[in-house]
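Colleague: Just the structure for this:
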Amino acid sequence: MITIENAHITTPGQLGAPYNEDDGIGLAVPGETLLVKNSTIDLGDIPLDEQDEACAVTWGAQARFERCRIIGAGKLFLCGSGDKEHRADEEGRTVSLKECLLDGFGRRGPEVQCGMHVLMEDCVVRFWGSPERFTVRSFGAWAHDCGTIKAIRCVFVNQNHMTLGQRVADHWHHFWQALHDNGLKAIVDPLTYAAGWRRGLTASDTGKVEAVDCFASPGVILQGQKGSMSRLDASRLILRLVAEAGFKAKPEFEA
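Modeller: Numbers count the residues shown, from 1 in each chain. I've put the predicted structure just below:
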């Protein structure tokens, strides 16, 4: 097991080998397990064309993130590479996030594919589709290609701050992605037409998601919902994780 504790990562490749040079923390080592605790991965000052993922776990690696802040990237967190030659290694691998803040990003909060499984507990996912971090389209947590996400006591908060041009691009690319994944039956699926800012926790193309005792702000979609969290408890979790990240704690769900 590789362990990272109390790190502050602000530049792709900062950690050196064996991590991916274009990511904040990206591990693509088959069979390796990564534990990241009490760390911040913030690519908010890096131009989008000079970064890939804030975090990536691929090629048969797996990971646990505990009390981490993962923020400011165009593409925040990828689980599963999508490379056919590595599919057998990635199938069934797991990633867990506990008491983590995923904040102010474009998309992939996280994206899970290639049969990988993600468990999220007491996490806050907020402000995906940030205009400064927007690339192609926006979404929060998304599972597809036999990937799964189980979110327990998590909060998904967003508002629509994208520019008009970003909104058009977002709708267009979500529409074509749905056609690519599901063929013509996507035309009758309401999710096909959902704006990216609304996609808090969703699944398509053989992916599965489950939201257990979670909270979503108005308009945000949580598929697979079982039970719900109160607005008060959601606000408390947001304030705690934001304060622990060293940000100015904002009341409830302000943008």
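Colleague: Remind me what the host helix or strand of Arg240 packs against, helices and strands.
Modeller: Element membership for Arg240, per DSSP states H and E: helix 231-244. Under the contact criterion of 3 or more Cβ pairs under 8 Å, 6 or more residues apart in numbering; DSSP states H and E, helix 231-244 touches strand 101-105, strand 124-128, strand 155-157, strand 208-216. Using the backbone N, CA and C atoms, a C-beta is placed for each residue, glycine as well.
Colleague: Can you lay out the ones you listed as JSON lines showing mean neighbour count and mean pLDDT?
Modeller: Shown next, in JSON lines, are the helices and strands packed on helix 231-244 (neighbours: other Cβ atoms under 10 Å; pLDDT from 0 to 100):
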{"stretch": "strand 101-105", "mean neighbour count": "26", "mean pLDDT": "96"}
{"stretch": "strand 124-128", "mean neighbour count": "26", "mean pLDDT": "97"}
{"stretch": "strand 155-157", "mean neighbour count": "26", "mean pLDDT": "97"}
{"stretch": "strand 208-216", "mean neighbour count": "21", "mean pLDDT": "98"}
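Colleague: Now render those as TSV, adding distance to Asp22.
Modeller: Putting the helices and strands packed on helix 231-244 into TSV (distance: least, Cβ to Cβ, whole Å) gives the following:
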stretch	distance to Asp22
strand 101-105	16
strand 124-128	20
strand 155-157	27
strand 208-216	28
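Colleague: wait, which of those strands is closest to Thr58?
Modeller: strand 101-105 (18.0 Å; Cβ to Cβ).
Colleague: rewinding a little: average pLDDT for the helix holding Arg240, rounded please.
Modeller: Averaging pLDDT along helix 231-244 yields 93.
Colleague: in the stretch 101-250 of the chain, which spans are strands?
Modeller: 101-105, 111-112, 117-121, 124-128, 141-143, 148-152, 155-157, 199-203, 208-216, 221-222, 225-228 (DSSP state E, counting those that start in this stretch).
Colleague: do you know which of these lies nearest Gln166?
Modeller: Shortest distance between Gln166 and these, using Cβ to Cβ, is found for strand 124-128: 12.2 Å.
Colleague: is it true that Val124 touches Lys98?
Modeller: No - with contacts counted by Cβ atoms under 8 Å, Val124 stays clear of Lys98, the gap being 11.9 Å.
Colleague: Gly44: what secondary structure?
Modeller: coil (DSSP: H, G, I helix; E, B strand; the rest coil).
Colleague: Glu66 and Ser39, how far apart?
Modeller: Glu66 is 9 Å from Ser39, where distance means Cβ to Cβ, to the nearest Å.
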